[in-house]
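1. sequence and predicted structure below; questions after.
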Amino acid sequence: MHPAGVRELISEEEIRDRVAELARRIDEDYADAGEILMLGVLRGSYILMADLSRALSIERRVDFIALSSYEQEARRAGVRLIMDSRVPIEGRHVLIVEDILDTGRTLSYLLSLFAARRPASLRSCVLVRKPEQEAPVKVDYIGFDIPDEWVVGYGLDFDNRFRALPFIGTVDPEALD
């Protein structure tokens, strides 16, 4: 059953199949790397992190980071790390796991921040990517390309609602109560 105002865009089965495919690719790419460090960006990545981590066969360690957006100047938002990784980055193979690539500012900030910590390698995995970013950024593993609409489910939220939906849906904020 779908909540009022939410239209299914990507089914639970499509997500499950795509996560399994991403895990196969990551397993291949890191086959000889030893342990990788998966860094999930809270809160939106928690479901993807759990499913992706369980689907991997390579050695991995899981940790989470949290960010905050803020206004730097009129119409320009900045990003600030508010919870850092508890695991040292230097010399490790790091995979940043993010729920959505929208403007590109968050992932661009994270890649720059963690690259400065001298990891053995640094890659990114994004569940969904919108068509255009203000800060174009290379993503190594992409779940789905989506239209420029507000999406919810599978960790994605609208006003902290709908995160636990097993599918990804679009929502019209004006249609919600």
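-> Thanks, I have it.
2. list phi and psi for the residue nearest to the spatial centre of the chain.
-> When CA atoms, centre = their mean is applied to the chain, the residue found nearest the centroid is Glu98 (1.4 Å). Backbone dihedrals for Glu98, given as degrees, to the nearest 10, come out at phi -130, psi 150.
3. can you tell me how far it is from Gly155?
-> The gap separating Glu98 from Gly155 is 10 Å, by CB to CB, to the nearest Å. Any C-beta I mention is one placed from the backbone N, CA and C, and that applies to glycine too.
4. what touches both of these two?
-> Shared contacts of Glu98 and Gly155, defined by CB atoms under 8 Å, 6 or more residues apart in numbering, comprise Gly44, Ser45, Leu127.
5. from Tyr46, how far out is the last one?
-> Relative to Tyr46, Leu127 is positioned 11 Å away (CB to CB).
6. neighbour count winner among the two?
-> Looking at Leu127 and Tyr46 with other CB atoms under 10 Å, you find the greater number of neighbours at Leu127, namely 29 against 17.
7. show me the contacts for that one.
-> Gly44, Ser45, Leu48, Glu98, Asp99, Ile100, Gly143, Phe144, Tyr154, Gly155, Leu156, Ile168.
8. buried subset of those, written for PyMOL?
-> Here the buried members of those are turned into a PyMOL selection, burial being counted by 16 or more other CB atoms under 10 Å:
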select buried, resi 44+45+48+98+99+100+143+154+155+156+168
